[in-house]
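Asker: Everything below, folded, please.
(2 chains)
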Amino acid sequence: MSAPLSPGKAVVLERVRKSYGPVEVLRDFSLEITAGSFCTLLGASGSGKTTLLKLIAGFETLDGGAIQIGGRDVSHVPVNRRNIGMVFQNYALFPHMSVRDNVAFGLEMRRVPKAEAAPRITEALAMVGLEGLERRAPRELSGGQQQRVALARALVIRPDILLMDEPLGALDKTLRASLQRQIKQLQARLGVTIIFVTHDQEEALHMSDLIVVLEKGRIEQAGTPQELYRRPANRFVASFLGECNILTLDGTPHGIRPEKLRLGAMASTLPHRREGVVSELTFLGPHLRVTADTAEGPLTALTDADHATACRLGERILLGFSGEDAMPLADSPNATP
Amino acid sequence: MAGGSAGRHLGWAVLPLGVVLAVLFLWPVAQLLGLSFDSPAGPLGHYARILAVPAYRTALATTFQIAALVTLLAVLLAYPLAYLMATVPPRVAKLLTLCVLLPFWTSALVRTTAWIILLQRNGVLNALLTGSGLLEAPVAFVYNLSGVLIGMSHVLMPFVVLPLYGAFRGIDQNLVHAAETLGAGPWALCRRIFLPLTAPGVMAGATIVFMNALGYYITPSLMGGPAQTMVAQLIAFNINQQLDWGLAGALSLAMLLATLAVFFLFQAVFGLERLMGGAHASGRIGTPFALGPRGRSPGGRVMALLGAGVALFLIAPVLVVFPMSLGSSPFLAFPPQNFSLRWYEEFFSRPQWMASVWNSLTVAGIAVAGSTLLGTAAALGLSRLRGPLARLVETAFLLPMIVPHIILAIGLFGMMAPWGLVRGPWALGLAHIVVAAPFVVITVRAALRGVDPNLELAALGLGAGWFTMFRRVLLPGILPGIASGAVFAFITSFDDVVLALFLTNVRSRTLPKLMYEGVAHEINPTITAVAALIVLFTVLVLLLNLLLQRRAR
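Answerer: Numbering: from 1, shown residues only, chains lettered A, B, ... in the order given. Sure thing, here's the model as predicted:
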């Protein structure tokens, strides 16, 4: 297929400020997203991720700072002139229009001639695998199909960036995984910059080039999924992305992932060891999850299910890890006022 | 359904209301219509006369014209107001809702009185316009077409505003956002998103307005001139003056067929649910649409300004009766020169006014008791019926809301007058049961839908008998619905004029009928005091209803 879309644009947020009444949601928030990357804003509700997305889209106005898209300052540009694609959690398909008319809407608004629009609409629908459903009404489609229409509708206008607000939140697990792959493939092919909002850390790990972990309107850490998982900057990130044991090493807090903890005989050769009593055993198929109460509180280890025989509830057990697996954790910027 | 024999046979509970409607609604209306085929000139003699006499032909055409104009006006005025209501902060929206609901629930007669005070040659509007030099001589706003249009669209507009407001509120904020990101500006949003998504709500409202307008009697007879004579007036004229029941029956059938045609057309296209208030598209998640942070577009500002004007149009007549009623002069002047409670004293000291209040309350008591009992039972029964039977029964129960009151009034008059029932409260009380019961059926049905059927099953599963379950589980759940049905029934009865005109006499006449007689001759200031008291009373009843609903939640 010929590249139907303009390549993605970079997004720069400069000291962005936003308050709702007395509540300051974002204060001097700065972030750079490179052109063509898949950036995920990850955070719990109230972390400011949705506000950030609304500001980039233009649904909300800035109290201060600036937003640039592809070098253009859009801080005061109204929504309808920002050339942004947006996909919503509840799809937001126009209920009174057919699938085709939904996709055609953005082209009509741009006064694209019919002769040019028709092949673009067909192409966009083919891209998301919805050929043949053009005449259906949105309510006649499944959730996954509706979300793919929304994707086609957002992409057909060749947006500078694509914003996605928890787009897979309403779908079941299998469908979500398949759509995650489709979105990744589409992005790789089209090169569009995607800003993706989610509270689902697994989704963030699977899809992103850049993950920005947000809490209380501030960046806890920004980096690739590998960086965030292997070198979390602080306690918050360590326990927000994946499971993490926190213990003290040389007087400072360190994180250790459950899969890096060794048990029993395998632990005895390792430099750092703790002793505990097995308090919980969970069989996860390929793995066994073992929680032991130690002097430093409960520690959780993930081990091969074959070791199951070695652990029994209530028995004393040795846990060990090597120094390079211990991740030093700084204080979170939100930890102290 | 589970639940013992009482639960299994609950469907029969529709029967009492069914019988009452058969005897007090279908039978008298059928009688009247039957008379229309009984003429010395053959079965179609009366119809031939309607077509032959120009006055009748003109009245038929006028009726349709006025109904169409009123519907158009109501829709045009409702849009800016509903838009304004949907885009202001909740507090202001509540205030605007009050501006819509207060006139909606205030007696048609109070509103008509107020309009005449405002619009007549020496009325408030002319006083303001000539006083400020905008007009040199007073203009005739009333007793002509403009009077009828103003009066009727004021009375009927809430039927469009409310579903339209619901439709606006039903629009998901994300739909608007989606359209904006795709490049839609204010005008495209309005044309491509708002208009099509609110159209079903408008259609529902417009249908109700048109059906109602076809059978209107009070407003055209009090605010129109001879050129605005509508069919309902001709029907009344043939009964009162000509004693020509056959011709009245023929005119009634013509009007009824037109009304029913509109009703069934709507039902076929949109379904009954929509007409009865379910204007929202169901099952959408998301927040209702609100104004963006950039405020209104220039077009939006014009709309909002128009909306505020329409709100004033709705509420002004209801408010103007207060200062007018406090004047001391026997002639209505605006603004009143001296304030006094003279006309209130007059009202409370005159036996004829007090007797009419008592009559009104007695009739309303009969109407509320009867319609609440029958309507609740019918709603319970309806919830157990399925399939085409349920549809048929439901439509039959709603018919009294659709058939013009003038037809029912005359039909019942023909049936009850020979028995002397109009001498007491019973003729009117029974008639009000017929017209009020549908409100109760609707509100209780809505409440029943809100009760989780699993609760019922759980109670039965825990060993409760059907009646225990009903008393302990179902009844508390639907009580707010019953209460609000009773309030609507009360207001319906207390405000009615058309049925009262025919079904009471000098001794049994109700307050609105006495007012009507006054307004039809000359408005004396006592009537403004009565109007003010009725408005206050309506506010109290509505507040009571609001309180009941709030406590239920």
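Asker: Only C-alpha atoms from now on, for both contacts and neighbour counts.
Answerer: Fine.
Asker: And the pLDDT for residue B:275?
Answerer: We have a pLDDT of 56 for residue B:275.
Asker: and if you look at residue B:552?
Answerer: pLDDT, read off for residue B:552, is 66.
Asker: Number of residues surrounding residue B:35?
Answerer: 18 (other CA atoms under 10 Å in any protein chain shown).
Asker: what's the least confident helix or strand in chain A, going by average pLDDT?
Answerer: Scoring the helices and strands of chain A by mean pLDDT, DSSP states H and E places helix A:265-268 at the bottom, with a mean of 84.
Asker: Give me the buried positions along it.
Answerer: A:267-268 (16 or more other CA atoms under 10 Å in any protein chain shown).
Asker: now swap in stretch B:156-170 and tell me
Answerer: So for stretch B:156-170, counting by 16+ other CA under 10 Å, buried means B:156-170.
Asker: Is that stretch positioned near chain A?
Answerer: No. Under the criterion of CA under 8 Å from any CA of the partner chain, chain A is not reached by stretch B:156-170; the shortest gap measures 11.9 Å.
Asker: Could you list the residues in contact with that stretch?
Answerer: B:74-75, B:77-79, B:81-83, B:85-86, B:100-101, B:104, B:194, B:197-198, B:201-202, B:204-206, B:208-209, B:212-213, B:277, B:279-281, B:288-289 (CA atoms under 8 Å, 6 or more residues apart in numbering or on different chains).
Asker: quick one: contacts for the residue nearest to residue B:337 when sequence neighbours are not counted?
Answerer: The shortest distance from residue B:337 to any non-neighbouring residue, by CA to CA, 6 or more residues apart in numbering or on different chains, is to residue B:327 (6.6 Å). Taking CA under 8 Å, 6+ apart, we find residue B:327 in contact with B:333, B:336-341.
Asker: now do residue A:118
Answerer: By CA under 8 Å, 6+ apart, residue A:118 has no neighbours at all.
Asker: State which one residue of the stretch 201-337 of chain A is found closest to chain B.
Answerer: residue A:217 (20.2 Å; CA to the nearest CA).
Asker: And the helices in the stretch 351-500 of chain B?
Answerer: For the stretch 351-500 of chain B, the helices defined by DSSP state H, counting those that start in this stretch cover B:351-384, B:387-402, B:405-416, B:426-450, B:453-461, B:466-469, B:475-495, B:498-503.
Asker: can you list contacts of the third one?
Answerer: The one in question is helix B:405-416. By CA under 8 Å, 6+ apart, helix B:405-416 touches B:24-25, B:28-29, B:31-32, B:215, B:217, B:232, B:235-236, B:239, B:252, B:422, B:427, B:431, B:498-499, B:502-503.
Asker: So which bits of the stretch 151-300 of chain A are right by chain B?
Answerer: A:154, A:157.
Asker: hey, where'd the helices end up in the stretch 151-300 of chain A?
Answerer: Counting by DSSP H, counting those that start in this stretch, the helices of the stretch 151-300 of chain A are A:173-190, A:201-207, A:225-230, A:235-240, A:265-268.
Asker: if you average pLDDT over each of those, which comes out lowest?
Answerer: helix A:265-268 (a mean of 84).
Asker: okay, now residue 41: neighbour count?
Answerer: The chain I'm using is chain A. Going by other CA under 10 Å, the residues that sit close to residue A:41 add up to 25.
Asker: my question was about chain B
Answerer: Residue B:41: 11 neighbours (other CA under 10 Å).
Asker: pLDDT score for it?
Answerer: Taking residue B:41 on its own, its pLDDT is 84.
Asker: for it, what are its contacts?
Answerer: No contacts exist for residue B:41 under CA under 8 Å, 6+ apart.
Asker: Helix, strand, or coil at it?
Answerer: coil (DSSP: H, G, I helix; E, B strand; the rest coil).
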